[in-house]
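Peer 1: Please work out how this folds:
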Amino acid sequence: MADDDDKPKKHTIDSLFRIYCNYKVIGTELDNEEFHSILLSQLDCWLMQAKLMPVPITRTQTGLIYLRYKKWRLDYEDFLEVLQMLSAEVDLGYEEMKETLVLAGAPTGATEIVVVK
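Peer 2: Below is the predicted model:
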C-alpha cells in the first residue's frame, strides 16, 4: 500500500473546480479568503485550458448561460448544470466534457490554490 502514497494524485472535476475557483483572484480586503464558487472568467479560462473555447464553445454561450443564474459566483452544483447546458448546446456528451476538463488539469502556471492577501 505504500506504493499508492508515492504515486501522484490525479485530479477530479471537483478538485479542479476548487483550484479554478481560486485562480486569478483579484485581491480583496478579506485576508486569506478561499473561494468555493467560480466566476465566469475562471470558467472561461478552464474551457480555454481544455481547448473547448473558442471552438466549439464561445464566450457568448458561457456568458448567456451564466447570466441565467443571476449570481456573481456559481457553486459546484450550478457549475455542473452549466456544463450540462453547454454540452447540450455544442452537441458534446456531458461526461465527455467533464473528462476533457479533468484532462486539461490545473491552470497553466498554477499548482495550488491561490490565497488572496
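
Peer 1: Burial check on Glu77, number of neighbours?
Peer 2: 8 (other Cβ atoms under 10 Å). For glycine as for every other residue, the C-beta is placed from the backbone atoms N, C-alpha and C.

Peer 1: got a pLDDT number for it?
Peer 2: Per-residue pLDDT puts Glu77 at 97.

Peer 1: Give me the distance between it and Ser37.
Peer 2: Remark: distance between Glu77 and Ser37 (Cβ to Cβ, to the nearest Å) = 10 Å.

Peer 1: right, and the helix or strand after the lowest-mean-pLDDT helix or strand in the chain?
Peer 2: Averaged element by element with mean pLDDT, DSSP states H and E, the chain has its least confident helix or strand at helix 2-6 (a mean of 51). Next helix or strand after helix 2-6 toward the C-terminus (DSSP states H and E): helix 13-21.

Peer 1: and that following helix, how far out from the chain's middle?
Peer 2: Distance of helix 13-21 from its chain centroid, counting by Cα atoms, centre = their mean, to the nearest Å, is 6 Å.

Peer 1: let's have the chain start at 380 instead
Peer 2: Renumbered: residue one is now 380, and that last one reads helix 392-400.

Peer 1: Check which residues of that helix are buried.
Peer 2: Within helix 392-400, the residues that qualify as buried by neighbour count (16 or more other Cβ atoms under 10 Å) are Leu395, Phe396, Arg397, Ile398, Tyr399, Cys400.

Peer 1: Show me which of these is closest to Ala483.
Peer 2: Leu395 (7.9 Å; Cβ to Cβ).
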